[in-house]
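1. coords below, sequence missing:
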């Protein structure tokens, strides 16, 4: 009989351990904290790819205050540093917006707000750069056309001067011929 009681207690304990590490379970938060600590350690060691995967997984799981918010912030920094200009900035901005929305009391939120403003300003500057490049191209094309027109007008001016000189010399010859008569 005691064997059956021990088996039942053991079965309950074993099945209970699996639910303790799920969201809302007693061991869920410490597990998430360990994952974050490992990601930070990987970042310090320069293993950004592995750290990024761990931070992405952490941010995709149900949130834990003071863990998920830090993971989101660090992940956004990694995405900004990844060099994937457009895509990295967009993903980083989404992470920062989520951090600001889901964790308004977090110590990372003011930093996220500052980064969002910086990303917005950077985006506006890039748009202005694109517009200026387009304008520069247009002006360069117009300048080329004006140079060609100037060359054409210079040639016409030269031709007109030559014609005027011919007319003057003809007039002089005609003037000399009419005096002889």
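-> Yes, it's here. All values reported here derive from a predicted model rather than from experimental measurement.
2. mean confidence score for the longest helix seen in the chain?
-> Secondary structure of the chain per DSSP state H: the longest helix is helix 109-180. Averaging pLDDT along helix 109-180 gives 92.
3. what packs against it?
-> helix 68-81, helix 85-102 (3 or more C-beta pairs under 8 Å, 6 or more residues apart in numbering; DSSP states H and E). Every C-beta, even on glycine, is put in place using the N, C-alpha and C of the backbone.
4. again, only using 6 Å
-> helix 85-102 (3 or more C-beta pairs under 6 Å, 6 or more residues apart in numbering; DSSP states H and E).
5. Provide the contact partners of the helix it packs on at residue level.
-> Residues from elsewhere that reach helix 85-102 (C-beta atoms under 6 Å, 6 or more residues apart in numbering): 69, 72-73, 75-76, 79-80, 82, 109, 112-113, 115-116, 119.
6. Repeat that for stretch 28-44.
-> Residues outside stretch 28-44 that contact it (C-beta under 6 Å, 6+ apart): 21, 50, 51, 54, 55, 58, 64, 67, 71.
7. If we use 10 Å, what do you get?
-> Residues from elsewhere that reach stretch 28-44 (C-beta atoms under 10 Å, 6 or more residues apart in numbering): 19-23, 25, 47-58, 61-68, 70-71, 74-75, 77-78.
8. Equivalent analysis for stretch 47-55, please.
-> 35-36, 38-45, 68, 70-79, 81-82, 95.
9. List buried residues within those residues.
-> 35-36, 39-40, 42-43, 68, 70-79, 82, 95 (16 or more other C-beta atoms under 10 Å).
10. Backbone torsions only: list them for residue 106.
-> With angles defined as degrees, to the nearest 10, residue 106 sits at phi -70, psi 150.
11. Test for you: state the pLDDT assigned to it.
-> On pLDDT, residue 106 comes in at 96.
12. mind checking how far the residue nearest to it when sequence neighbours are not counted is from residue 61?
-> Once flanking residues are discounted, residue 106 sits nearest to residue 69: 4.0 Å by C-beta to C-beta, 6 or more residues apart in numbering. Distance from residue 69 to residue 61, counting by C-beta to C-beta, to the nearest Å: 13 Å.
13. neighbour count winner among those two?
-> Taking other C-beta atoms under 10 Å, residue 69 and residue 61 do not tie; residue 69 has more neighbours (24 against 15).
14. Show me which pair in the contacts of helix 85-102 is furthest apart.
-> The largest separation in the contacts of helix 85-102, counting by C-beta to C-beta, is between 82 and 109 at 22.7 Å.
15. Please report how far residue 48 lies from residue 173.
-> From residue 48 across to residue 173, the span is 90 Å (C-beta to C-beta).
16. Who has more neighbours out of those two?
-> Ranked by neighbour count (other C-beta under 10 Å), residue 48 and residue 173 place residue 48 first, with 14 against 10.
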